[in-house]
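[1] when you get a sec, could you give me coordinates for this:
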Amino acid sequence: MNLAEAIRLRDSSRLPSRRDEDWRWTDLRSLVRALPEPSPLLDAAQLGPGPFEGICETVVTLANGVGPGAIEVSAGETRTLALRNVARGEGSHAAHLRITVAAGAHLTLLESHEGDGGGLSLLSLEVDLASGASCERLVIADGGVDAVSLVDADVRLGAGAEWAQTLLTNGARRQRLETRVLNPGDGTSVRLDGVYVLSGRSHADLTSSVTHSGPQGQTVQLTRGVVDDQSRAVFQGRITVEAGADGTDARMAHNALILSDRAEVDARPELEIYADDVACAHGATVGALDAELLFYMRQRGLPEAEARSLLLASFLGEVIDRIQCSAAAGRMRAWLQGRLGGSAE
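    Numbering: from 1, shown residues only. The predicted structure is shown next:
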């Protein structure tokens, strides 16, 4: 399935539908009956500040799909850069960006997806980390309540590389954030984390797949979310341990809270194991906010709204605690605070 080609040809029949197993909860074809005209040019110089403004000097901007096609980090270099993917208006566009991190280099990628229109956008990332390289990818996806926003990343890791990722989103009309990682083993480590805070009629789909192709690789994954009103969250996580990938350590957890009878969470964690001598586990929980804890906090004099916000911030904050870049973690806590209406400490 080639989403970029569907957008380029403006052919809605090529969009995924509920008949496609991996897209059954994020049906695009029935929503997008006709693809909009191509997005107009957008002057990146006229954009306001992004959510990671001031943390680093280097900012790479994709404005309505137009921007650089490659980012390279040289061997041994340590670099922090902000990647802004901005979609404005009612049009449609697709962009592709390749990121290469050479041996022994480290990249902190502060990525934001911003929009205020009702268009359809796709950003495809192709990421290559050489042996011993590392990257922390931190994402705030705030693409607009009327938008259809698609972001996918293909990540290929060299031996001993480290990939750490944290996604934060409040959804969109339809939104899918997909990450596919090839873990070759030999000391390679992967962390895939996410937080979603949904309200209204927003929709967020966090889909990931990690393939362990060699021995002695590690993957840890923690996703937590909150859904309210008539919103819908989708979590799909698949970890595959191929034959010969002995010594793999892979763990996945998804936990969600439903605050409304009309909200929905669809979760599908999967493990496929074809090797021996592995340590693998996965699980998912979906429940309501603990009424006893809420009652206890209200008995201590806290208003209900503040008590709820503190409980939700504590629940979601465990994901933020795993972020390595402290400056970016502060911005992401502030983002959570704005969605929860209280402290995200």
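[2] how far does stretch 173-189 sit from its chain's centre?
    Averaging C-alpha positions (C-alpha atoms, centre = their mean, to the nearest Å) puts stretch 173-189 10 Å from its chain's average.
[3] do the same with stretch 107-118
    11 Å.
[4] same check, this time on stretch 119-133
    With C-alpha atoms, centre = their mean, you get 12 Å for stretch 119-133.
[5] where do the helices sit along the stretch 1-150 of the chain?
    Ranges of helices in the stretch 1-150 of the chain, per DSSP state H, counting those that start in this stretch, are 3-9.
[6] and the strands in it?
    Assigned strands in the stretch 1-150 of the chain, in chain order: 58-63, 70-73, 78-87, 92-101, 106-115, 120-129, 134-142, 148-157 (criterion: DSSP state E, counting those that start in this stretch).
[7] from residue 245, how far off is residue 218?
    Applying C-beta to C-beta, to the nearest Å, the value for residue 218 to residue 245 is 11 Å. C-betas here are computed from N, CA, C, even on glycine.
[8] number of nearby residues for residue 37?
    12 (other C-beta atoms under 10 Å).
[9] residue 13 too?
    8.
[10] who's in contact with it?
    residue 29 (C-beta atoms under 8 Å, 6 or more residues apart in numbering).
[11] report the separation between it and residue 277.
    For residue 13, the distance to residue 277 - C-beta to C-beta - is 47 Å.
[12] for the protein, name the helix or strand with the lowest mean pLDDT.
    Between all helices and strands in the chain, the lowest mean by mean pLDDT, DSSP states H and E belongs to helix 291-299, at a mean of 77.
[13] tell me the buried residues in that one?
    Within helix 291-299, the residues that count as buried by 16 or more other C-beta atoms under 10 Å are 294, 297.
[14] roughly how far out does that helix sit from the chain middle?
    32 Å.
[15] same check, this time on stretch 257-276
    Between the centre of stretch 257-276 and the centre of its chain there are 15 Å (C-alpha atoms, centre = their mean).
[16] likewise stretch 280-291?
    Distance, stretch centre to chain centre, for stretch 280-291: 19 Å (C-alpha atoms, centre = their mean).
[17] what sits up against it?
    235, 237, 239, 241, 248-259, 265, 267, 269-271, 273, 308, 311-312.
[18] which ones among those lie within strands?
    Among these, the residues falling in strands (DSSP state E) are 235, 237, 239, 241, 249-258, 265, 267, 269-271, 273.
[19] among those, name the buried ones.
    Burial by neighbour count, 16+ other C-beta under 10 Å: within those this picks out 235, 237, 239, 241, 250-258, 265, 267, 269, 271, 273.
[20] ok so, going back, the more surrounded of residue 218 and residue 245?
    Between residue 218 and residue 245, residue 245 has the larger neighbour count (other C-beta under 10 Å), namely 25 against 19.
[21] show me what contacts that one?
    Counting by C-beta under 8 Å, 6+ apart, residue 245 touches 185, 212-215, 217, 274-275, 278.
[22] secondary structure, neighbour count and distance to residue 27 added to those, as a markdown table?
    As requested, these are exported to a markdown table (DSSP: H, G, I helix; E, B strand; the rest coil; neighbours: other C-beta atoms under 10 Å; distance: C-beta to C-beta, whole Å):
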| residue | secondary structure | neighbour count | distance to residue 27 |
| --- | --- | --- | --- |
| 185 | coil | 22 | 36 |
| 212 | strand | 33 | 31 |
| 213 | coil | 17 | 32 |
| 214 | coil | 20 | 36 |
| 215 | coil | 18 | 39 |
| 217 | coil | 26 | 34 |
| 274 | coil | 12 | 31 |
| 275 | coil | 17 | 35 |
| 278 | coil | 18 | 35 |
